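Peer 1: Okay, predicted coordinates and the sequence, questions at the end:
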Amino acid sequence: MTNEELKNSITQLSSSVTYDETGEFLTAIIPSEEFLPLMKELRSKKELYFDYLFCETCVDWKDHLMMVYFLKSKIHNHTIVVKAKITDTINPQIESVYNIWRTAELNEDEVFDLFGVKFLNHPNLRRIFLEEDWVGYPLRKNYVDEHMIKL
Amino acid sequence: MEERSLEVDVKNKLEFPGQIHETPAGGFMITKLDEVINWARSNSIWPLAFGTSCCAIEMMHTVNAKYDWSRFGFEVMRATPRQADLIIVSGTIVMKMAPVLKRLYDQMPEPRYVIAMGACTISGGPFFYNTYSVVKGIDHIIPVDVYVPGCPPRPEALLHSMITLQEKIKNDAYFRKQVDKK
């Protein structure tokens, strides 16, 4: 599917999606509250069939957090980036996509560890790199570490 | 014929150059024993197989045929700290690894030695220095005998550091320290 065809079929699924085509892949941006039904459709719909989540990460934009999902279809060989905007930076939370793509389990552990995003319905959300008693989330822009040297 | 006394009057032998320690059998030992013990110890140092990143690759080169540290008496690499004399900390130590390293060091029998290999173990490293997760030098955790700068150090540098450690052991007064403690 070309980017235009992808856009058309995704707009039919959800009206609150906006698009950005400046990057390498077509990017669909959606509020975090509405994104789970869309992701389920992306995975299951026959002409889309995004069966491979090859990257899942998060970006801290200070006033909001952006979850980023890179999806690929091994059958149709098309790629899309889905970004879910989380506006609550104090207690950020989003639905887990573990039940759609199993690989999300460890990716979401990592995002929780370093950004503090809480994933709802995640099977085993835990600190994966840092110690259990670590205070704060190091990749957040507001993270303060007194051991680090100010340049 | 007058029978000669076999007892040696140790206390009156003050003209002897060196320290005299009485032993139950009546003989005496001189401090030169240190040299024998140190010679033996310095030529059979057993390192612990411990490596955390790219410096460990250089360490493996130093073990193997091309550089072959067995030539200097570092023959046997041990997989357990309980049989090792030396720990070569080769690679970045992060906060999560620090308690593990301390525990390994505590499990080693004394006398034990530490070589800090590479920039990461000396100061936290050229890349990861200002990071939340990296220990800024392993001397925050365990005492270090020899530092090897480099990123990573050449095998020659590691060999040189180990020979330096041997010299340190040869100049050590380990046995005298044990007597002085009593």
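Peer 2: Thanks, I have the structure now. Numbers count the residues shown, from 1 in each chain, chains lettered A, B, ... in the order given.

Peer 1: now the strands: where do they sit in the chain?
Peer 2: No chain in the question, so chain A it is. In chain A, the strands defined using DSSP state E lie at A:18-20, A:26-31, A:52-60, A:65-72, A:79-86, A:93-95, A:118-120.

Peer 1: Not quite, go with chain B.
Peer 2: Taking DSSP E as the test, the strands found in chain B are B:21-22, B:28-29, B:47-48, B:86-90, B:113-117, B:146-148.

Peer 1: and the fifth one, which strands flank it?
Peer 2: Read it as strand B:113-117. Next to strand B:113-117 in the sheet, as set by DSSP bridges, lie strand B:86-90 (parallel), strand B:146-148 (parallel).

Peer 1: Show me the contact partners of the first one.
Peer 2: In this case it means strand B:86-90. B:45-48, B:50-53, B:55-56, B:58-59, B:74, B:81, B:101, B:104-105, B:108, B:112-118, B:121, B:138, B:142, B:152, B:158, B:162, B:165 (C-beta atoms under 8 Å, 6 or more residues apart in numbering or on different chains). Backbone N, C-alpha and C define where each C-beta goes, glycine included.

Peer 1: Quick check on those residues: which are buried?
Peer 2: Neighbour-count burial (16 or more other C-beta atoms under 10 Å in any protein chain shown) is assigned, among the contacts of strand B:86-90, to B:45, B:47-48, B:50-53, B:55-56, B:58-59, B:74, B:81, B:101, B:104-105, B:108, B:112-118, B:121, B:138, B:142, B:152, B:158, B:162, B:165.

Peer 1: Do you know the pLDDT at B:V134?
Peer 2: Among the per-residue scores, B:V134 shows a pLDDT of 88.

Peer 1: what's the answer for B:C151, then?
Peer 2: So, for B:C151, pLDDT stands at 89.

Peer 1: list the contacts for it?
Peer 2: B:G118, B:A119, B:C120, B:G125, B:P126.

Peer 1: What is the burial count for A:D109?
Peer 2: Residues lying near A:D109 (other C-beta atoms under 10 Å in any protein chain shown) number 18.

Peer 1: Tabulate the strands of chain A (TSV), appending mean neighbour count.
Peer 2: Listed next are the strands of chain A as TSV, based on neighbours: other C-beta atoms under 10 Å in any protein chain shown:
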stretch	mean neighbour count
strand A:18-20	12
strand A:26-31	19
strand A:52-60	17
strand A:65-72	20
strand A:79-86	20
strand A:93-95	18
strand A:118-120	16
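
Peer 1: Include distance to chain B and mean pLDDT when you put the ones you listed into a markdown table, please.
Peer 2: Shown next, in a markdown table, are the strands of chain A (distance: least, C-beta to the nearest C-beta, whole Å; pLDDT from 0 to 100):
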| stretch | distance to chain B | mean pLDDT |
| --- | --- | --- |
| strand A:18-20 | 31 | 90 |
| strand A:26-31 | 30 | 92 |
| strand A:52-60 | 15 | 93 |
| strand A:65-72 | 19 | 94 |
| strand A:79-86 | 23 | 93 |
| strand A:93-95 | 23 | 92 |
| strand A:118-120 | 21 | 92 |
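
Peer 1: buried subset of the contacts of B:C151?
Peer 2: Using 16+ other C-beta under 10 Å as the burial test, these include B:G118, B:A119, B:C120, B:G125 as buried.

Peer 1: what's the nearest residue to residue 56 if we skip its chain neighbours?
Peer 2: Using chain A. Nearest non-adjacent residue to A:E56, counting by C-beta to C-beta, 6 or more residues apart in numbering or on different chains: A:N107, 3.9 Å away.

Peer 1: Oops, wrong one, chain B.
Peer 2: B:S90 (4.5 Å).
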